[in-house]
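Student: please work out how this folds:
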Amino acid sequence: MIAPQERIGNGHVHMVRYSADQEIRETWVRGGAYVSDICVGLYRPHDGRLFIPFWENVLMHEARKQRVVTRFSRDLLIHQVFATVYEALRYTYHVLDIWYGITFVDGEKGRLLLAKDALQELNLVAIRLRKGNAAELAHTFRERAGFIIRQIGETPTNELKRRAHDHTVSLQSVLDSMGRPNSGAKRAVTVAAGSGLDKRLIDVRCIEPKILARRQTLKTIVEEMEVYLNGVYNFLTLLMSDHKLEQSLTRDSDLRTAIDEQIGFYRWQLQRFDILPFRTTSAHMFAEFGNARTMLTRGQYGDALAQLRVSWNSLKLRKIRTEVEALILQLTFMLSAKADTLDRDVCVSMSRKIGELTHQAESVDESHFKTPVAEDAIACFTTARVLLQDSTADSGKKTKESLKLAASFL
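Tutor: Just a heads-up that it's a prediction; the model follows:
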């Protein structure tokens, strides 16, 4: 077995903290994949899962560098746990595009900017506030403050946003705590609320490059494993296309040696795959390749080819999963727009693609699988195609869940 440091992306072994069942726990991981802060669990029950520092902890650490907060230690970092690399990759889109709003204007970044603009507007209105025009300006204060609170959120959990929210609540009235119109007090409140939002925007701007870097690292991890498995698939396809290979193996010792060495090389490389869900595929193939080599040594050429055929069909399902994960990500984009309906043409195209994947799954020979999975995946595909006919956001969410379930079988 190869060392953890030799796995995909390399890295180093250390311990991290994570949250589970409302407790903070620790576990050993392989960290620093591609010199990032992405870690891979080494031991049960988290072996193969991804550990990534919780975004808010990282924000605090980066904000401390910019002297927005005074104290923070990397030892306090709490990690989020993701079951698969695909789940972690989708979450980066959720965080950037939906939560922080880097792409979509209704994300947090866009809302905070709208709230800041409204606070600056209200600050200018407060300059004109006098006892004689208090009643006239009351509606503007109430309306603008209400708008700002909606952008910040009615019950924000973030401390900076909560302070800004509490300040803004007092702006719903033109009167101060003594019951008097007070221009200076109202202007001070708008400045205090805006200051909180400025600090929160620093949080957002700190996290942008980090999450973008993580997204690219996760893509690199997926691409390396998928490209490598495609190479193995092409090798097996070449073998399976030779219908007289068994006879050739019987009389050609050089061919036997070449195939044995190639299988041995692939088998060693498969040990580098310790990230779910690729870890599962590689573990099965590692055992199957080992059996095939043993059978070749014993002269059981037909049995060896049958064992390799199992791996070949397994990789066919693996390739289908790659396509399914792309569809899930596409649905994530579509649903993030928060529209009531989905693009009809896109839904039709997606349904057609799912139909193609169904036919591919039906052609996979699972006769020697310990646990056949294609039938369960096909049932999920059928459900997804029916749901897509509706083209609504609700059906899109259900379609996404059906495809995620199909991917879990594959």
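
Student: contacts only, for residue 271.
Tutor: 1, 2, 282, 286 (C-beta atoms under 8 Å, 6 or more residues apart in numbering). C-beta: built from backbone N, CA, C; applies to glycine.

Student: surely the second one touches residue 267?
Tutor: No: taking C-beta atoms under 8 Å as the definition, residue 2 is not a contact partner of residue 267, at 11.3 Å.

Student: the more surrounded of those two?
Tutor: Taking neighbours as other C-beta atoms under 10 Å, residue 2 and residue 267 compare with residue 267 leading, 18 against 11.

Student: so how far is the helix or strand encompassing residue 110 off the chain centroid?
Tutor: For residue 110, the element it lies in under DSSP states H and E is helix 108-127. Relative to its chain's centre, helix 108-127 lies at 33 Å (C-alpha atoms, centre = their mean, to the nearest Å).

Student: flag every buried residue along it.
Tutor: 108-116, 118-119, 122-123, 125-126 (16 or more other C-beta atoms under 10 Å).

Student: could you export whichever helix or strand comes after it as CSV, CA atoms only?
Tutor: Sequence-wise, the next helix or strand downstream of helix 108-127 (DSSP H and E) is helix 134-152. C-alpha atoms of helix 134-152 as CSV (Å, rounded to 0.1, in the frame of the first residue of the first chain):
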residue,chain,number,x,y,z
ALA,A,134,-40.3,65.2,11.2
ALA,A,135,-43.8,64.1,10.2
GLU,A,136,-43.1,64.7,6.5
LEU,A,137,-39.9,62.5,6.6
ALA,A,138,-41.3,59.8,8.9
HIS,A,139,-42.6,57.8,5.9
THR,A,140,-39.2,57.9,4.2
PHE,A,141,-37.4,56.7,7.3
ARG,A,142,-39.9,53.9,7.8
GLU,A,143,-39.9,52.7,4.2
ARG,A,144,-36.1,52.9,3.7
ALA,A,145,-35.4,51.2,7.1
GLY,A,146,-37.8,48.4,6.2
PHE,A,147,-36.1,47.9,2.8
ILE,A,148,-32.7,47.7,4.6
ILE,A,149,-33.9,45.2,7.1
ARG,A,150,-35.2,43.0,4.3
GLN,A,151,-31.8,43.0,2.6
ILE,A,152,-30.0,42.2,5.8
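
Student: got the angle between helix 134-152 and helix 108-127?
Tutor: Interaxial angle of helix 134-152 relative to helix 108-127 (axes from the mean of the first three to the mean of the last three C-alpha atoms, to 10 degrees): 170 degrees.

Student: and helix 134-152, what's buried?
Tutor: Within helix 134-152, the residues that count as buried by 16+ other C-beta under 10 Å are 134, 137, 138, 140, 141, 144, 145, 147, 148, 149, 151, 152.

Student: how about stretch 23-35?
Tutor: By neighbour count on 16+ other C-beta under 10 Å, the buried set for stretch 23-35 is 27, 28, 29, 30, 31, 32, 33, 34.

Student: what of stretch 387-397?
Tutor: 387, 388, 391, 392, 393, 395, 396.

Student: can you check stretch 9-25 too?
Tutor: By neighbour count on 16+ other C-beta under 10 Å, the buried set for stretch 9-25 is 9, 11, 16, 17, 18.

Student: residues in contact with the nearest residue to the second one once chain neighbours are set aside?
Tutor: It refers to residue 11. Distances taken as C-beta to C-beta, 6 or more residues apart in numbering place residue 32 nearest to residue 11, at 4.1 Å, with adjacent residues excluded. Going by C-beta under 8 Å, 6+ apart, residue 32 touches 9, 10, 11, 12, 38, 39.

Student: for the second one, helix, strand, or coil?
Tutor: Same thing as residue 10. Under DSSP: H, G, I helix; E, B strand; the rest coil, the three-state class of residue 10 is coil.

Student: circling back: among the buried residues of stretch 9-25, which two are most distant?
Tutor: Across these, the longest distance by C-beta to C-beta is 21.5 Å; it joins 9 and 17.

Student: could I get the average pLDDT for stretch 173-182?
Tutor: For stretch 173-182, the mean pLDDT works out to 80.

Student: re earlier: out of the contacts of residue 32, the closest to residue 156 would be?
Tutor: Taking C-beta to C-beta as the measure, residue 156 sits nearest to residue 38 out of the contacts of residue 32, at 28.7 Å.

Student: inside helices: which ones of the buried residues of stretch 387-397?
Tutor: 387, 388, 393, 395, 396 (DSSP state H).

Student: where's the first one relative to residue 410, distance?
Tutor: Yep, that's residue 387 we're talking about. Applying C-beta to C-beta, to the nearest Å, the value for residue 387 to residue 410 is 19 Å.

Student: kindly report the same for the last one.
Tutor: Look at residue 396 and residue 410: by C-beta to C-beta, they are 21 Å apart.

Student: show me where pLDDT drops low in this protein?
Tutor: Applying pLDDT under 70 to the chain picks out residues 55-76, 95-107, 337.

Student: can you state the direction angle for the helix ranked longest in it and helix 134-152?
Tutor: Criterion DSSP H: the longest helix present in the chain is helix 183-240. On the basis of the same axes, to 10 degrees, helix 183-240 is oriented at 20 degrees to helix 134-152.

Student: what are the ranges of the helices in the stretch 251-400 of the chain?
Tutor: Secondary structure of the stretch 251-400 of the chain by DSSP state H, counting those that start in this stretch: the helices cover 253-270, 278-297, 301-336, 344-362, 374-388, 393-409.

Student: how much space between the residue of the chain most remote from its centre and residue 174?
Tutor: No residue in the chain sits farther from the centre than residue 132, which is 56.4 Å out by C-alpha atoms, centre = their mean. Distance, residue 132 to residue 174, using C-beta to C-beta: 12 Å.

Student: give me the common contacts of those two.
Tutor: By C-beta under 8 Å, 6+ apart, no residue touches both residue 132 and residue 174.
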